[in-house]
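S.K.: Structure for this input, please:
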Amino acid sequence: MTAPISEAERTPAARIGQVLFKNRGWLPVPFLAVPLLVPGVQSPQTWTAGLLLVLLGELVRTAGVAAAGTVTRRRSREVERLVTYGAFAWCRNPLYVGNFLAWIGFTVVSGVNWFIPVAIVIFAIEYTLIVRYEEGVLESIFGQEYLEYKARTPRWFGRPPSGSTKGRHDWAEAIWSERSTLMQYVVLCGLFWLKNRGWTL
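M.R.: This next block holds a predicted model:
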């Protein structure tokens, strides 16, 4: 049975977010195309700092997938359970926080420093709209339970949770699910290395 649509899911921001949500697979393109194509100054320091951000982002992502399962890759409106433990006890959107850290990490690697604040603004606009849609869906499906979770847990960068963070985690499934993401990171590292060697399209 389909849950009734909440007012939060009907807002203009949520409707725009719905379109972006269904097409979020291509949203990283500007975060990666500009650093790859625009000249920048790479150094051991940019590589170290950038890859540390990528690693941190992937750890946050994997923790979120381990708690929520591979349903995090869904494109539909269907959600079977509300996950409030683990990474989701620290913030409501750990996968998007992980994406943000990884994308900014590759921008740092590229040495295109002027693009960092631009990327932050693009991320903020795109993913705030996506989250408005997802929050509306969760409110439609879980009602007061979600509103209580929303009230005690920040949307983005987390604070230490007041309650328990324990719950079922499937780390093996999460790591296997992230294999394509990890391969993308390897390819990107290779492309940035080639760029630093003078390779151009």
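S.K.: where exactly do the helices run in the chain?
M.R.: Assigned by DSSP state H, the helices in the chain fall at 7-10, 12-22, 29-37, 44-68, 87-90, 94-110, 115-142, 144-152, 171-177, 179-196.
S.K.: can you tell which of those is closest to Gly158?
M.R.: helix 87-90 (3.1 Å; Cβ to Cβ). Backbone N, C-alpha and C define where each C-beta goes, glycine included.
S.K.: confidence score at the residue nearest in space to the middle of the chain?
M.R.: Closest to where the C-alpha atoms of the chain average out (Cα atoms, centre = their mean) is Tyr96, at 1.8 Å. Predicted confidence (pLDDT) at Tyr96: the value is 92.
S.K.: Now for it: which residues touch it?
M.R.: Shown in contact with Tyr96 (Cβ atoms under 8 Å, 6 or more residues apart in numbering): 127, 130-131, 156.
S.K.: could you redo the last one with a cut-off of 6 Å?
M.R.: Contact analysis of Tyr96 by Cβ atoms under 6 Å, 6 or more residues apart in numbering lists Tyr127.
S.K.: cool, and the one 5 residues further on?
M.R.: Counting by Cβ under 6 Å, 6+ apart, Leu101 makes contact with 53, 56-57.
S.K.: if you set the cut-off to 7 Å instead, what comes out?
M.R.: Counting by Cβ atoms under 7 Å, 6 or more residues apart in numbering, Leu101 touches 53, 56-57, 60.
S.K.: what do you get for Thr107?
M.R.: Contacts of Thr107 (Cβ under 7 Å, 6+ apart): 31, 35, 115-116, 119.
S.K.: Likewise for Val112?
M.R.: Contact analysis of Val112 by Cβ under 7 Å, 6+ apart lists 34-35, 38, 40.
S.K.: Nearest residue to it in space, please, no chain neighbours.
M.R.: In this structure, Val112 finds its nearest non-sequential neighbour in Gly40, 3.8 Å apart by Cβ to Cβ, 6 or more residues apart in numbering.
S.K.: Tell me, how many residues neighbour that neighbour?
M.R.: Counted by other Cβ atoms under 10 Å, the residues lying close to Gly40 total 22.
S.K.: And it, how close does it get to Leu191?
M.R.: Separation of Gly40 from Leu191 (Cβ to Cβ, to the nearest Å): 13 Å.
S.K.: do Trp156 as well
M.R.: Distance from Trp156 to Leu191, by Cβ to Cβ: 29 Å.
S.K.: give me the low-pLDDT residue ranges for this structure?
M.R.: For the chain, applying pLDDT under 70 flags the ranges 1-3, 71-78, 163-164, 200-201.
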